[in-house]
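Visitor: prediction below, plus the sequence it came from.
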Amino acid sequence: MTNVMKDYFLDLDAAAKDPARKVAWCTSVGPAEILRAMGFEVFFPENHGAMLGATRVCMDTIPVANANGYSPEICSYLTSDVGAYMKGITPLTKAFGIEEIPRPDVLVYNTNQCKDVMHWFEYYAEEFDCPIFGIHPPTNLPGIKQEYIDDVARQFEELITFLEPIMGTPMDPEKLKQCVALSREATNLWSEVLDMARLKPSPLTFFDGTIYMGPIVVLRGTQIAVDYYRDLLAELKDKPAAVENERKRIYWDGMPVWGRLRNLSNIFSENNACVVASTYCNSWVFPDFDPEDPLASMAKAYIKIFINRNDHFKEDYIEKMVEDFNIDGVVFMAARTCPNNSNAYYNLPRKLKNKGIPTIIIDGDLCDLRCYSDEQSTTLIEAFLETI
Ligand code: SF4
C-alpha cells in the first residue's frame, strides 16, 4: 500500500515537472477514466484533504483559509487544502519528500457529490490561470432515468472536445475502453474486498477500509489498482479476525474522522465491536462500468452514487446493508462541514430505529477536529455498544 501510493505521488511530481506530460486535477467521483485515457496524470485534491486530515496538519491550515474568506462552516477538505496551498505546505513533503502539490494543466470537477467542489476548483482555476470544466449532473435522484444518463454522457463528450486541444491529441476510443475495463475490474475487486467483512468474524474493519481505499480513489483506470486489490483480496483470505472476540457488528454512515481513525478504531475493538461496513467505502463500487459503452456506463455509474440519491433510496440502501452484513447497530457521523455526506439531519436515524435498527449520532467532522470531542464520542459509543 505504502509503495503503491508513494509511486503514484512520485510519478505525479515528475509529470508536473516534465513539460511533455500533463496533469489534470479531478474530483474523487469525477470522470478519471476519460482523463487517464487521454494521457493525463490525475491528482485528486480530496485525497490531499484526507491526508491533511489524517496527519492533522489541517489544524494549522484550516484557520489560514478561514482567515482568507473561506468560512469554517464549509467543506473542511476544501479549507484544509486551500489553507495548505496558501501556507505553502503539503503532507507530501514529510511522506515522500515532495515539495509541492503537482501544478494542474486542467481542472475537472463533477457536482454529483456536492457544489463545494465547484468553488474549490474555481479557486485554483484563478490561482493557476488554468482551464476548468465542470460536469453538472441532475442531483438528489429517486431513480435513474435514461434522460439523465444521456445528459451526462453528452457532457462527457463535451469534456473530451474541451480536453483534446489541451492534450494536443484526440481521444483514442480504444484507450477509453481499456481504462473503463480496468476501472471495472478494480472496482469489482474492491467490492469483493469489502464483502470479506460479511464473514463472522470479519478480517477487516471500516477503519482498515479507509486506508485500503486509496487506490480505488486515485488509481481508477490503471492496472496498478487492479493488481493491488487482487493482492489485498488474497491477503485478506488468510487474515485472522480484525477484532478479537467480535461480538457486535456495526455500520458506519458518513465520513471518517480522519484525525481520529486510530482512536475510534480502538474504542470499538476494546468493546469487542467491529465496524464491518460503511456508506463511505462503498461509494467507490461502480458495477455499471461497461467498456463496450464507456461514456453512457460512466454517466450511469457516476450519477447513481449514494450521495446523489434521495432519502428513500438511502434508507433502503442502509437497511439492506444491515441485513447483508448482520449489523447490530448503525453509527451516523454528522460531519459539521459536510452536510452532503451526513445523513443524520433529515430523520433517517429515527426512521431506521422505528424499524428496529439501533442507531446513534456522533457529532464530528472529516478534518476539523474543533468540531469533534473525544470524550463525548467515547461515552456515546460505549453506551451505545452496551445497550445493543
Ligand atoms: S462531499 Fe463533503 S467532504 Fe466531499 S468535497 Fe463535498 S463537501 Fe467536501
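Guide: In hand now; what should we look at?

Visitor: for stretch 160-180, buried residues please.
Guide: Ile160, Leu163, Ile166, Met167, Met171, Lys175, Leu176, Lys177, Gln178, Cys179, Val180 (16 or more other C-beta atoms under 10 Å). C-beta here means a position set from N, CA and C on the backbone, and glycine is covered the same way.

Visitor: typo on my end, it should be stretch 79-92
Guide: Using 16+ other C-beta under 10 Å as the test for burial, stretch 79-92 gives Thr79, Ser80, Asp81, Val82, Gly83, Ala84, Tyr85, Met86, Ile89, Thr90, Pro91, Leu92.

Visitor: equivalent analysis for stretch 375-388, please.
Guide: Ser377, Leu380, Ile381, Phe384, Leu385, Ile388.

Visitor: surely the second one is in contact with Ile360?
Guide: It refers to Leu380. Yes: using C-beta atoms under 8 Å, Leu380 is in contact with Ile360, at 6.1 Å.

Visitor: near the ligand, which residues of the stretch 101-250 of the chain?
Guide: Gln113, Cys114, Asp116, Val117 (C-beta under 6 Å from any ligand atom).

Visitor: residues near the first one, how many?
Guide: Per other C-beta atoms under 10 Å, the neighbour tally for Gln113 reads 23.

Visitor: quick one: mean pLDDT over stretch 163-180.
Guide: When pLDDT is averaged over stretch 163-180, the result is 98.

Visitor: contacts for it, please.
Guide: Residues from elsewhere that reach stretch 163-180 (C-beta atoms under 8 Å, 6 or more residues apart in numbering): 22, 24, 33-40, 105-106, 131, 133, 160, 221, 289-292, 294-295, 297-298.

Visitor: go with 10 Å
Guide: If you take C-beta atoms under 10 Å, 6 or more residues apart in numbering as the criterion, stretch 163-180 is touched by 22, 24, 32-40, 105-106, 108, 130-131, 133, 156-157, 159-161, 220-223, 286, 289-295, 297-298, 301.

Visitor: ok, now which ones touch the residue in the stretch 201-350 of the chain that the ligand sits nearest to?
Guide: Here the stretch 201-350 of the chain gets closest to the ligand at one residue, Cys338, 3.3 Å apart by C-beta to the nearest ligand atom. Residues counted as contacts of Cys338 (C-beta under 10 Å, 6+ apart) are 74-78, 113-114, 116, 254-255, 307, 365-368.

Visitor: ok, Ala67 touching Val82?
Guide: No: Ala67 lies out of contact with Val82 (C-beta atoms under 10 Å); the separation is 11.3 Å.

Visitor: separation between the closest residue to Thr187 other than its chain neighbours and Asn140?
Guide: Take Thr187 and drop its neighbours on the chain: the residue closest to it by C-beta to C-beta, 6 or more residues apart in numbering is Phe286, 4.7 Å away. Remark: distance between Phe286 and Asn140 (C-beta to C-beta, to the nearest Å) = 19 Å.

Visitor: who has more neighbours, these two?
Guide: Comparing Phe286 with Asn140 by other C-beta under 10 Å, the one with more neighbours is Phe286, at 25 against 11.

Visitor: give me the contacts around the one helix or strand Ala95 maps to.
Guide: Secondary structure assignment for Ala95, by DSSP states H and E: helix 91-96. By C-beta under 10 Å, 6+ apart, the residues outside helix 91-96 that reach it are 2, 5-10, 12-13, 48, 50-58, 61, 80, 84, 90, 98-102.

Visitor: cutoff 8 Å now
Guide: 6, 9-10, 13, 48, 51-52, 55, 57, 98-101.

Visitor: from the residues you listed, list the buried ones, please.
Guide: Phe9, Asp13, His48, Met51, Leu52, Val57, Ile98, Ile101.

Visitor: after whichever helix or strand Ile318 is part of, heading C-terminal, what element do we hit next?
Guide: Per DSSP H and E: Ile318 is located in helix 311-324. Per DSSP H and E, the first helix or strand lying C-terminal to helix 311-324 is strand 329-335.

Visitor: surely the residue nearest to Thr187 touches Ala301?
Guide: Yes: using C-beta under 8 Å, Phe286 is in contact with Ala301, at 4.0 Å.

Visitor: circling back to that earlier point, export the buried residues of stretch 160-180 to CSV and tack on secondary structure?
Guide: Output for the buried residues of stretch 160-180, formatted as CSV (DSSP: H, G, I helix; E, B strand; the rest coil):
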residue, secondary structure
Ile160, helix
Leu163, helix
Ile166, helix
Met167, helix
Met171, coil
Lys175, helix
Leu176, helix
Lys177, helix
Gln178, helix
Cys179, helix
Val180, helix
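
Visitor: which of the residues you listed sits closest to Tyr123?
Guide: Among the buried residues of stretch 160-180, Ile166 lies closest to Tyr123 (C-beta to C-beta), at 19.7 Å.

Visitor: just to revisit the earlier point, sort out for me which of the buried residues of stretch 375-388 are in helices.
Guide: Per DSSP state H, helices hold the following members of those: Ser377, Leu380, Ile381, Phe384, Leu385.

Visitor: and of the residues you listed, the nearest to the ligand?
Guide: For these, the nearest to the ligand is Ser377 (19.0 Å; C-beta to the nearest ligand atom).

Visitor: who's in contact with that closest one?
Guide: Counting by C-beta under 8 Å, 6+ apart, Ser377 has contacts Arg260, Leu264, Ile267, Ile362, Asp363, Gly364.
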